[in-house]
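[1] Predicted structure and sequence below. I'll ask about it afterward.
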Amino acid sequence: MSDRAKSIVSAGYDAIAEEFLDWSLKVVDPVRDRLFAELVARLPEGAAVLDIGCGAGIPWTRALADRFDVTGIDISSRQVEAARLNVPVATFIVGDISSASFEARSLGGIIAFYSIAHLPVDEHGPLLDRLARWLRPGGLLLASVPVAESAGWTGEWLGTTMFFGSLGAEAYLALLRSLDFELLAAEESTVQEPEGPTDFLWVLARRAQR
Ligand SMILES: C[S@@+](CC[C@H](N)C(=O)[O-])C[C@H]1O[C@@H](n2cnc3c(N)ncnc32)[C@H](O)[C@@H]1O
């Protein structure tokens, strides 16, 4: 399933590159906006920040790039093409976050906005484990995951075929605690998407100081 899910997601985001950006800018998520502001306020100036599933780089990668040394990674080459034009000062990688590698303790912050749900669920735990290792002691993770558990769903979404899965909110919180993350915030948000509401869990977590 893993390779199939990845192909579905990369082809899907390639196919809806422009439409997705228009759609995503209509999504209303006050919890996201508040925690993003908190992340930016807490990060030291010039910190190395990774944006997982950066899409076209608007608005999150671009806002981060004003103050930090930002790398965006995305599995969709068309999304990265747009991101390179939209945020020329940032560094971008076309690739799957599950097979990417960053130096241990090299990152001050990591964001993953609505992207982890596109990975097969058996990769979510190993991914969080690797994120913990890439962060510096005290480094910050801000991520969203769907509240509802789903072993994997493939279907029509925004006019293309898409894959989503989730371990469920409680499982992510348990995983983060087991990885020695301190949860600075863990809030469920009813996100208003153009088609209607969807529930996400937002976590702002700090890697242990050691
Ligand atoms: C819902 S969009 C979110 C885009 C952006 N973070 C935002 O909030 O507007 C999810 C993004 O994650 C990317 N993505 C999905 N699976 C990925 C993977 N395995 N590795 C890297 N990027 C991935 C998709 O291509 C897509 O651009």
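    Nice, thanks for sending it over. Every value quoted in this text rests on a predicted model; they were computed, and no experiment measured them.
[2] Counting neighbours, what do you get for the closest residue to the ligand within the chain?
    Closest approach between the chain and the ligand, counting by CB to the nearest ligand atom: G53, at 2.4 Å. Just so you know, the C-beta spots here come from the backbone N, C-alpha and C atoms, and that holds for glycine as well. By the criterion of other CB atoms under 10 Å, G53 has 23 neighbours.
[3] give the contact list for the nearest residue to it once chain neighbours are set aside.
    Nearest residue to G53, sequence neighbours excluded (CB to CB, 6 or more residues apart in numbering): S115, at 2.4 Å. Neighbouring residues of S115 by CB atoms under 8 Å, 6 or more residues apart in numbering: I52, G53, I97.
[4] State the pLDDT value of S115.
    Note on S115: pLDDT of 98.
[5] what about it, distance to W202?
    Using CB to CB, to the nearest Å, we find S115 at a distance of 13 Å from W202.
[6] same question, F163
    From F163 to W202 the distance is 22 Å (CB to CB).
[7] For the helix or strand harbouring V80, name the packing helices and strands.
    V80 is part of helix 77-86, with elements assigned from DSSP states H and E. For helix 77-86, the elements it packs on are helix 2-15, helix 17-24, helix 60-65, strand 69-74, strand 91-94, judged by 3 or more CB pairs under 8 Å, 6 or more residues apart in numbering; DSSP states H and E.
[8] Make JSON lines from the ones you listed and add mean pLDDT to it.
    Output for the helices and strands packed on helix 77-86, formatted as JSON lines (pLDDT from 0 to 100):
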{"stretch": "helix 2-15", "mean pLDDT": "95"}
{"stretch": "helix 17-24", "mean pLDDT": "94"}
{"stretch": "helix 60-65", "mean pLDDT": "98"}
{"stretch": "strand 69-74", "mean pLDDT": "98"}
{"stretch": "strand 91-94", "mean pLDDT": "98"}
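[9] Sweet, I'm off.
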